[in-house]
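# build me a model from this:
(one chain, ligands or ions: 2)
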Amino acid sequence: MISEKSFKINPKEKLEAKKRLVIISDTHITRSGGAFNLHAFNIGMEKINKIKDASVYLHLGDITHMGTLLEYEYALEQFKKFEPLSKSPKMVFLIGNHDAMNVGYLLFEEMVGNRHYAYEDDDIYIYGIDSTKPDLPGGIIHHSVIESVRKKLEKPDRENKFKVVCFHHQLIPIPNTGKERSAIDDSGDMLKMLLEAKADLVLNGHRHFSNLYTVSSSEKDLFIFNAGTFCCNKTRYRELFTYSIIDIDGNNLNFKVIPVLDSNSQREILREVNYYIPLQIDKKQKPIARFIQISNSLVSERFESNFNNFDKALEKINKIDEVDLVVHSGNLTKNSFKEEFQIAKDKLNQLRHPYLVVPGYTDSKPLAWEYWKHYFGEFDPLYENDNIYFQGMNSTTFDSKEGYIGRKRLNKFIEKVLSLSHQKIFGVCFFHNLIATPLSVWRTELIDSGDVLSQFARSQIDLVLNSSPSISFNVKIENTVFSNGGNLEGKYFEEVFIEIEIYKKGLVVLKEHNLRTGLIKVIGNYYLSILI
Ligand SMILES: [Fe+2]
Ligand SMILES: [Fe+2]
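Residues are numbered from 1 along each chain as shown. Ligands and ions are numbered 1, 2, ... in the order given. Predicted coordinates for the structure are as follows:
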């Protein structure tokens, strides 16, 4: 086995001095009881006051519960208890969706401060953004703000600083928080910008559950940390009230999640910021596995006699040698009509490679499941050969845009993966995407996406393929490559399919074949720790 580390580079360490960020979030302060736990707040305050060497204290939003004047006044009164030992600046506050309720965003500006803030010294740059929509639980960043943050991050004199971006709502789905909802609408655009602008750390609150993901582009790691709630009674699963300390020392990060009421069970996670350089592949070197990813072929009866995008894609795919599996990740038919399934099946049968199809939203209209069974058999098809173990899953629900995987099916699959002890490349495919794509509105339609994403990334599934409503987009989260793409629907975007090669040393190369221009370009380059 060759580990990931073989290909990592470590440029000059960014920080001359150590930095300590102390994070609290979601205090939900109110006089009317219910949400606010004053006991936890008081104990928590005593504890964070005693933290030594804090560089900055950050509150990630939902300071108040309803954003009313009485609550803001009461919250400011409570925060007089904040008297830190460290000679640090005062606590900086972000606005949360609860603070923006009832025109609370005006009170926030009048009583707390700016809705956007910056903290900067010689080593670190922290930028906080208002992600709220007045009176609504969901969030948005806005195109103009995303571009202005990009400019701030890419400023040449900040190149060697450790760059932190904070906003209240979650950027990607978080486990153990129930139905995934109220993320930011433009998550895909924001995530893409943060990766391109080489941000180091993202801090989010809102979900009342702490979580850390290492999200990697082809060039660099980005950490996305979600803080839990400091003192709101709306806790989730077994995590109660917490605060977090993030120590940054060179390229090493130490995340501590500390319970307010029971300091003995603190969680500590160590991570290192890694930079990657693409490995040159010898042209004679053959991949150990090759996949093709397509979706949204939207076959309709009218297309029968025409040569359409689907035919073009299949013809091109047939010219590629040694394809292990062609994966169609949903929206095979336009209307779920019987004839459409028949045409789609006939077309797929022209492939000279094995293929696997899962249904998408447009394949789930009434009667579709009968037709699916008739033409394609399994809803959760499995394909296995000497090198790969690939599971398709039906994530759709009958005639609805919402989908789910479900705990039972998820656990069964993860158990199977663990039992095979990683002797093969593991892939999984279903329609609903887990990661937002740029140029689309992110509504997180997979209800259990938080748990599914977390289980996949932490069980070392190598490859997760989902449909994309827009352009092709891929990232690595922990040790799993997530690819959204292969969109053959050419109304808004150019028609493409994705070719994915996995080489022996764990190098994964994703190429986009553009059917309109005929061009092939590399759109992703990652290293996985693989054992075969
Ligand atoms: Fe909250
Ligand atoms: Fe919130």
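# residues touching Leu136, list them.
Asn97 (C-beta atoms under 8 Å, 6 or more residues apart in numbering). Any C-beta I mention is one placed from the backbone N, CA and C, and that applies to glycine too.
# and for Ser300?
Here Ser300 is in contact with Thr333, Lys334, Asn335, Phe337, Glu340 (C-beta under 8 Å, 6+ apart).
# how close does the residue lying closest to the fourth one once chain neighbours are set aside get to Asn251?
Same thing as Phe337. Nearest residue to Phe337 in three dimensions, chain neighbours excluded: Glu301, at 6.8 Å (C-beta to C-beta, 6 or more residues apart in numbering). Separation of Glu301 from Asn251 (C-beta to C-beta, to the nearest Å): 57 Å.
# which residue of the two possesses the greater neighbour count?
Neighbour totals were compared for Glu301 and Asn251, and Asn251 leads with 19 against 15 (other C-beta atoms under 10 Å).
# need the nearest residue in space to that one, chain neighbours excluded.
Val273 (4.4 Å).
# who touches that neighbour in this structure?
Applying C-beta under 8 Å, 6+ apart to Val273 gives the contacts Lys14, Asp200, Lys220, Asp221, Phe223, Asn251, Asn252, Leu253.
# how many other residues sit next to the second one?
The reference is to Asp200. 22.
# the nearest residue to Thr68 once chain neighbours are set aside: how many residues sit nearby?
The shortest distance from Thr68 to any non-neighbouring residue, by C-beta to C-beta, 6+ apart, is to Asn102 (5.6 Å). For Asn102, the neighbour count with other C-beta under 10 Å is 17.
# next, Asn102: secondary structure please.
helix (DSSP: H, G, I helix; E, B strand; the rest coil).
# could you list the low-pLDDT ranges of the stretch 301-450 of the chain?
Scanning the stretch 301-450 of the chain for pLDDT under 70 picks out the ranges 303-307, 421-422.
# and the strands in it, which stretches?
Taking DSSP state E, counting those that start in this stretch as the test, the strands found in the stretch 301-450 of the chain are 325-328, 355-357, 382-384, 388-392, 396-397, 400-403, 425-430.
# residue contacts, Leu201?
Contact analysis of Leu201 by C-beta under 8 Å, 6+ apart lists Phe162, Lys163, Val164, Val165, Leu222, Phe223, Ile224, Phe225, Ile246, Leu253.
# what's across from it in the sheet?
Beta bridges link Leu201 to Val164, Phe223, judged by DSSP bridges.
# which stretches of the stretch 151-300 of the chain have low pLDDT?
Short version for the stretch 151-300 of the chain, where the test is pLDDT under 70: 263, 279.
# how about the residues of it that lie near ligand 2?
His206 (C-beta under 5 Å from the ion).
# got the contact list for whichever residue of the stretch 151-300 of the chain sits closest to ligand 2?
Proximity of the stretch 151-300 of the chain to ligand 2 (C-beta to the ion) peaks at His206, 3.8 Å away. Shown in contact with His206 (C-beta under 8 Å, 6+ apart): 25-26, 60-62, 96-97, 139, 168-170, 182, 226.
# excluding chain neighbours, what is closest to the residue in the stretch 301-450 of the chain that ligand 1 sits nearest to?
Closest approach between the stretch 301-450 of the chain and ligand 1, counting by C-beta to the ion: Gly450, at 15.6 Å. With sequence-adjacent residues excluded and distances taken as C-beta to C-beta, 6+ apart, Gly450 is closest to Pro173, at 4.0 Å.
# so that neighbour makes contact with Arg443?
No: in this structure, Pro173 is not within contact of Arg443 by C-beta atoms under 8 Å, at 11.8 Å.
# so if I had to pick from the two, which one is more boxed in?
Taking other C-beta under 10 Å, Pro173 and Arg443 do not tie; Pro173 has more neighbours (26 against 16).
# residues of the stretch 1-150 of the chain that sit close to ligand 1?
Asp26, Asp62.
# what residues does the stretch 1-150 of the chain put near ligand 2?
Asp62, Gly96, Asn97.
# so how do I select the buried members of the contacts of His206 in ChimeraX?
Buried subset of the contacts of His206, written as a ChimeraX selection, criterion 16 or more other C-beta atoms under 10 Å:
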select :25,26,60,61,62,96,97,139,168,169,170,182,226
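# picking up where we left off before, so for the residue nearest to Thr68, what's the pLDDT?
pLDDT for Asn102: 89.
# contacting residues for the residue nearest to Val509 when sequence neighbours are not counted?
Nearest in space to Val509, with sequence neighbours left out and distances taken as C-beta to C-beta, 6+ apart, is Glu501 at 4.7 Å. Glu501 makes contact with Pro287, Ala289, Arg290, Val508, Val509, Lys511 under the criterion C-beta under 8 Å, 6+ apart.
# I'd like the distance from the helix or strand encompassing Glu501 to the chain centre, please.
Using DSSP states H and E, the element containing Glu501 is strand 496-502. Here the centre of strand 496-502 is set off from its chain's centre by 21 Å, with C-alpha atoms, centre = their mean, to the nearest Å.
# and the angle from that strand to strand 425-430?
Here strand 496-502 runs at an angle of 160 degrees relative to strand 425-430 (axes from the mean of the first three to the mean of the last three C-alpha atoms, to 10 degrees).
# the inter-axis angle of strand 496-502 versus strand 388-392?
140 degrees.
# note down every partner strand of strand 496-502 and its orientation.
strand 289-294 (antiparallel), strand 507-514 (antiparallel).
# still on that earlier bit, any chance of the strands of the stretch 301-450 of the chain in TSV, plus mean neighbour count and distance to Thr437?
Formatted as TSV, the strands of the stretch 301-450 of the chain follow (neighbours: other C-beta atoms under 10 Å; distance: least, C-beta to C-beta, whole Å):
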stretch	mean neighbour count	distance to Thr437
strand 325-328	27	17
strand 355-357	22	21
strand 382-384	14	25
strand 388-392	23	20
strand 396-397	21	18
strand 400-403	16	16
strand 425-430	25	15
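# to Ile129, which of those lies closest?
Among those, strand 400-403 comes nearest to Ile129, with 28.7 Å by C-beta to C-beta.
# ok, residues contacting that closest one?
Contacts to strand 400-403, defined as C-beta under 8 Å, 6+ apart, come from residues Tyr361, Ser364, Ser395, Thr396, Thr397, Phe430, Phe431, His432, Glu445, Leu446, Ile447.
# and that strand, how far from the chain's centre?
Worked out by C-alpha atoms, centre = their mean, strand 400-403 lies 19 Å from the chain centre.
# what of stretch 271-283?
Distance of stretch 271-283 from the chain centroid (C-alpha atoms, centre = their mean) equals 21 Å.
# same check, this time on stretch 521-532
18 Å.
# same question for stretch 514-532.
19 Å.
# buried residues in that stretch?
For stretch 514-532, by 16+ other C-beta under 10 Å, it's Leu515, Ile523, Gly524, Asn525, Tyr526, Tyr527, Leu528, Ile530, Ile532.
# tell me the phi and psi of the residue nearest to Asn251?
Backbone torsions for Val273, taken as degrees, to the nearest 10, come to phi -80, psi 120.
# from Pro259, how far out is it?
Going from Val273 to Pro259 by C-beta to C-beta gives 27 Å.
# now do His98
Distance, His98 to Pro259, by C-beta to C-beta: 23 Å.
# mind checking which of those two has more residues around it?
Shown here are His98 and Pro259; by other C-beta under 10 Å, His98 has more neighbours (27 against 19).
# how about that one, what does it touch?
Residues near His98 by C-beta under 8 Å, 6+ apart: His28, Gly61, Asp62, Ile63, Thr64, His65, Met66, Gly67, Gly104.
# how about a cut-off of 7 Å?
Taking C-beta atoms under 7 Å, 6 or more residues apart in numbering as the contact definition, His98 lies against His28, Asp62, Thr64, His65, Met66, Gly67.
# ok, and the closest non-adjacent residue to Asp221?
Among residues not flanking Asp221 along the chain, Asn274 sits closest, at 4.9 Å (C-beta to C-beta, 6+ apart).
# are any of the contacts of Ser300 buried, and if so which?
Thr333, Lys334, Phe337, Glu340.
# for the second one, give me its contacts.
Right, the one you point to is Lys334. Listed by C-beta under 7 Å, 6+ apart, the contact partners of Lys334 are Leu298, Val299, Ser300, Glu340, Thr362.
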